[in-house]
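Visitor: pasting the sequence and the predicted model now:
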Amino acid sequence: MAYTIFVTYQFEGAPYSANTSYGLSTPIHCNYIETIETETLANSTINFLFSENNFPFLADGTTNPFDGYGWTAWRLNALVQIVTGIGVEPDPAAWKILDVTQQTLGWVSGQALQITGLTTTLYEIKLPDYNAAPLYDLSYLDYPSRLPVDNNRLAWGEEVFFFGNVKTGIRATAYTTDIPIVMSLNQFNSTTNPTWDTTTPVSVSEVGIYDANGNLVAIGKLNNPISKDSSIGRTIVFAMDF
């Protein structure tokens, strides 16, 4: 007989004390669920581990656990469900929750979990412990079904917590004025630059805008100069943002 084992996890923080939270007070489990397929459960042991970059914002809680940066956790629970068959889905009300905190390498009672211990521990769950573990009912989340009536609700995984800092700023609406500058065949074919040899096409590198009184009010520089002689007509668009 074939079986599918579903595994995920859940962190817990220390309880509130003197109006101060030491971590996550009402945790939610991880929404990434791993699956293991096996042909037998006899003498089976379920193992799982975390990669080094799983918890980039986890604080160890030893230096200054209340500085507002990152998050802390005091307990790690494994959530497991064994289902008969392959290609099946788990029952939201049939998960088992097992406290595996003390398996963490370097774990000290009364201290927050440290990332070095979490990412170097191979966690182990024996089948008798799974059978004796209490139930963990995911159906309390009441996440949408696949029915059309739930199309206006967030599905599981579409909303997650962001552990980090967010900076905001006020952005103004920008308006652009485009001024076309037409250079006909018989215009702008010479220059007063003393290095010009009078035969080579001139190179236009910047454009000046003048007001009605002949005062220079704006200068625009081209990223790359463009050539101009009597055989070439060009149009340059001078753009100003407000």
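Guide: Yep, it's here.

Visitor: can you give me the helices in this structure?
Guide: According to DSSP state H, the chain carries its helices in the segments 115-118, 127-132.

Visitor: quickly compare those helices and say which is most buried.
Guide: helix 115-118 (a mean of 17; mean count of other C-beta atoms under 10 Å). For the C-beta atoms, the positions are set from N, CA and C on the backbone; glycine is no exception.

Visitor: what are the buried residues along the strand ranked longest in the chain?
Guide: As assigned by DSSP state E, the longest strand anywhere in the chain is strand 216-228. Going by neighbour count (16 or more other C-beta atoms under 10 Å), the buried part of strand 216-228 is Lys228.

Visitor: who touches that strand?
Guide: Strand 216-228 is contacted from outside by 183, 188-189, 201-211, 234, 236, 238-240, using C-beta atoms under 8 Å, 6 or more residues apart in numbering.

Visitor: which of the residues you listed count as buried?
Guide: Buried members of the contacts of strand 216-228, scored by 16+ other C-beta under 10 Å, are Met183, Phe188, Val202, Val204, Val207.

Visitor: got JSON lines for those, with pLDDT too?
Guide: Below are those laid out as JSON lines (pLDDT from 0 to 100):
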{"residue": "Met183", "pLDDT": "87"}
{"residue": "Phe188", "pLDDT": "88"}
{"residue": "Val202", "pLDDT": "90"}
{"residue": "Val204", "pLDDT": "89"}
{"residue": "Val207", "pLDDT": "89"}
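
Visitor: tell me the domain ranges of the protein?
Guide: Following automatic domain parsing, one finds the domains of the chain at 3-150, 176-241.

Visitor: quick one: closest of those to Val166.
Guide: domain 3-150 (12.9 Å; C-beta to C-beta).

Visitor: quick revisit: can you say which of the domains of the chain is packed in most?
Guide: Of all the domains of the chain, domain 3-150 has the most neighbours on average by mean count of other C-beta under 10 Å, namely a mean of 14.

Visitor: which members of the contacts of strand 216-228 are positioned in strands?
Guide: Among these, the ones falling in strands (DSSP E) are 183, 202-210, 234, 236, 238-240.
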